[in-house]
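Trainee: Take a look and give me a structure for this.
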Amino acid sequence: MLLPNYSGNRLEAGIDEAGRGCLAGPVVAVAVILPINYQNALLNDSKKLSKKQREELREIILHDAVDWAIGEASSAEIDDVNILQATYLAMHRAIAGLKQVPEYLIIDGNRFKPYQTLPHTSIIKGDGKYLSIAAASVLAKTHRDDLMVQLAQEHRQYKWEQNAGYPTKAHRQAIQEYGSTVHHRHSFTLLPKQTEFKL
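Mentor: Residues are numbered from 1 along each chain as shown. Purely as a prediction, here's the structure:
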């Protein structure tokens, strides 16, 4: 089972993101504060869960959490400031959206841009170690998937309801055939560069 708390503080927020590696759509971050001695044997890194498990856990998290909030950074913002800075921006927006001010932050990954004066720790693979980060990963993934399903209604040829904007073969073939949209990240390599051979 994942651990319920890192810092010992009552209001510890776990933070994770979804969509960093996508070619289209926003990057989404979520901050979650769970009860200090919270337990849930099913909760884990969202990548290790099925879609059905994520949907079921989302409802449980929303019910059980002391507080939670979602932050986004758009594809245009990603192009403007780069994906790392946009991820920090989405995380900061999620933290700012919390009704309860956290006493400590734990973030999935190896680095973080400090938010105001709140103490924090970055934890590599934290979504597989701490419940609040895992909860954030589930909410971020399910929220972003829903967003991409909505965007897919306007741009069906890219099959975002299936690939969520990730660089699948079908997604890249659609970009090659139809071009890009305002939702694509134009600072990313949307199509693999052609290798030129000199004879």
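
Trainee: make it CA atoms for all contacts and neighbour counts henceforth
Mentor: OK.

Trainee: now the helices: where do they sit in the protein?
Mentor: 51-64, 75-81, 83-97, 131-152, 160-163, 169-178 (DSSP state H).

Trainee: most neighbours per residue, which of those?
Mentor: helix 131-152 (a mean of 25; mean count of other CA atoms under 10 Å).

Trainee: how far is that one from where the chain is centred?
Mentor: Computed by CA atoms, centre = their mean, to the nearest Å, the chain-centroid distance of helix 131-152 equals 6 Å.

Trainee: Then stretch 88-98?
Mentor: 12 Å.

Trainee: Would you tell me which of the helices of the chain gets closest to residue 116?
Mentor: helix 83-97 (9.3 Å; CA to CA).

Trainee: I'd like the average pLDDT over the closest one.
Mentor: For helix 83-97, the mean pLDDT works out to 98.

Trainee: on that earlier part again, compare the helices of the chain and give me the one nearest residue 103.
Mentor: Across the helices of the chain, residue 103 has its closest neighbour in helix 83-97 (11.3 Å, CA to CA).

Trainee: And the contacts of that closest one?
Mentor: Residues outside helix 83-97 that contact it (CA atoms under 8 Å, 6 or more residues apart in numbering) are 15-17, 20, 27-31, 68-73, 77-78, 112-113, 115.

Trainee: pLDDT below threshold where in this structure?
Mentor: 194-199 (pLDDT under 70).

Trainee: Contact partners for the nearest residue to residue 13 once chain neighbours are set aside?
Mentor: Closest residue to residue 13 apart from its sequence neighbours, by CA to CA, 6 or more residues apart in numbering: residue 33 at 4.5 Å. Taking CA under 8 Å, 6+ apart as the criterion, residue 33 is in contact with 11, 12, 13, 14, 65, 66, 67, 68, 102, 132.

Trainee: Find the nearest non-adjacent residue to the fifth one, please.
Mentor: What it means is residue 65. Excluding its sequence neighbours, the residue lying closest to residue 65 (CA to CA, 6+ apart) is residue 34, at 4.7 Å.

Trainee: And residue 38, how close does it get to residue 1?
Mentor: To residue 1, residue 38 is 11 Å away according to CA to CA, to the nearest Å.

Trainee: Since that was my last question, I'll sign off now.
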